[in-house]
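Undergrad: Let me see the structure of the following:
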Amino acid sequence: MTESFRHAVITGASSGIGRAVAMAYAAPLMRLTLIGRDSRRLEEAAAACKAKGAEVETAALDVRDRAAMRDFLVALDRRAPVDLLIANAGISTGLPAGALTEDPDAVRGIVAINLLGALNTVEPLIAPMCARGRGRIALTGSISALRGLPHCPAYCATKAAVHLYAESLRGQLARHGVGVSLIVPGFVHTPLNADLVSPKPLAMDDSKAARIIRRGLDRGKATIAFPRLLYWGARLLTVLPVRLVDFFMVRQHVDVPVTKERELA
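TA: Residues are numbered from 1 along each chain as shown. From the prediction side, this is the model:
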């Protein structure tokens, strides 16, 4: 059964996967609310969606700001009920070549955005969506959440937490008519990983990723994982001998830029 959405809210919508998904949904009679921190890029994304006929509202918000997110989302939902919520905002960080530990402030910054930001996005709309008995909540995870990678432990940890959060919500919210989808992308060419030095098997552009995501959301899929070969390869790593997997992983040449993000003061 195909779902039809009329008002989608997307965080991290100013670039990358978020912007691409917004473009995938942009059409006449579709309302989009785009949330991001970069006002200029956010307005550029909005203009591109409006050009395709969508009604678009933007909000320059930081997902780390729990009160601001709650106040905005609750007021928005009262004006225009949300039936698709995509908690997509995220950053990456990791170990530069030769480093042994991640920057502690960067680690707390990625936890604040990737994990707490997802909670701040989803929590305000659970009750109103359940009260209406319809809608879908989607959270963006990562194939990197399936098995810890030695060069980006904090990123893997935050995405693994998002996976478990989505899976934990799913059964309970389904009883109230609200679906939960977990988006599990592999490597997608976006600003998020533009400076990442690493093998990027089966990488794809963001527009192709957005088409896959929209198709999965419209079909009400619980898990939208792509590319499938990489996904099942990552799943296989979880059952192979740990020492063997670690031996090969740590020998990959990887250089992960350290994020400048920190906890919100």
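Undergrad: residue ranges of the helices in this protein, please?
TA: Remark: helices assigned in the chain by DSSP state H are 16-25, 39-50, 66-79, 104-110, 117-132, 153-174, 206-218, 228-237, 242-249.
Undergrad: List the residues that contact the nearest residue to residue 114 once chain neighbours are set aside.
TA: Of all residues not flanking residue 114 in the chain, residue 158 sits nearest, at 3.7 Å (CB to CB, 6 or more residues apart in numbering). In this view, the C-beta of every residue, glycine as well, is placed from N, C-alpha and C. Contact analysis of residue 158 by CB atoms under 8 Å, 6 or more residues apart in numbering lists 90, 110, 111, 114, 115.
Undergrad: Could you say which of the helices of the chain is packed most deeply?
TA: Highest mean neighbour count of those: helix 16-25, a mean of 24 (counted as mean count of other CB atoms under 10 Å).
Undergrad: and that one with helix 39-50, angle?
TA: Calculated by axes from the mean of the first three to the mean of the last three CA atoms, to 10 degrees, helix 16-25 forms an angle of 20 degrees with helix 39-50.
Undergrad: Show me where this structure dips below the pLDDT cut-off.
TA: Scanning the chain with the threshold set as pLDDT under 70 gives 1, 265.
Undergrad: wouldn't residue 224 be in contact with residue 213 here?
TA: Yes: assessed by CB atoms under 8 Å, residue 224 is found in contact with residue 213 at 5.8 Å.
Undergrad: thinking again about what came up before, relative to residue 139, which of the helices of the chain is closest?
TA: Residue 139 lies closest to helix 153-174 among the helices of the chain, at 4.6 Å (CB to CB).
Undergrad: Report the distance from the closest one to the chain centre.
TA: 11 Å (CA atoms, centre = their mean, to the nearest Å).
Undergrad: picking that back up, residues that sit against both of residue 224 and residue 213, list them.
TA: Here residue 224 and residue 213 share the contacting residues 138, 183, scored by CB under 8 Å, 6+ apart.
Undergrad: For residue 34, list the residues it contacts.
TA: 10, 13-14, 18, 22, 42, 45-46, 49, 56-59.
Undergrad: Tell me the one among these nearest to residue 102.
TA: Nearest to residue 102, judged by CB to CB, of the contacts of residue 34 is residue 18 at 24.6 Å.
Undergrad: The closest one is in contact with residue 9, isn't it?
TA: No: using CB under 8 Å as the test, residue 18 is too far from residue 9 to be in contact (10.7 Å).
Undergrad: who touches both of these two?
TA: residue 86.
Undergrad: can you count the residues close to residue 57?
TA: Using other CB atoms under 10 Å, residue 57 has 15 neighbouring residues.
Undergrad: so what's it bridging to?
TA: residue 33 (DSSP bridges).
Undergrad: list the contacts for it?
TA: Residues near residue 57 by CB under 8 Å, 6+ apart: 31, 32, 33, 34, 46, 76.
Undergrad: make it 10 Å
TA: The contact partners of residue 57, by CB atoms under 10 Å, 6 or more residues apart in numbering, come to 7, 9, 31, 32, 33, 34, 35, 46, 76, 79, 80.
Undergrad: Please give me every residue in contact with residue 92.
TA: 106, 110, 114, 142, 144, 152, 154-155, 158-159, 192-193, 195-196, 256-259, 261.
Undergrad: One more pass at 6 Å, please.
TA: 155, 192 (CB atoms under 6 Å, 6 or more residues apart in numbering).
Undergrad: again with residue 125
TA: Shown in contact with residue 125 (CB under 6 Å, 6+ apart): 73, 77, 82, 85.
Undergrad: would JSON lines of those with distance to residue 187 be doable?
TA: Listed next are the contacts of residue 125 as JSON lines, based on distance: CB to CB, whole Å:
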{"residue": "73", "distance to residue 187": "31"}
{"residue": "77", "distance to residue 187": "34"}
{"residue": "82", "distance to residue 187": "30"}
{"residue": "85", "distance to residue 187": "25"}
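Undergrad: farthest-separated two in these?
TA: Spatial extent of those (CB to CB) is set by the pair 77 and 85 at 9.4 Å.
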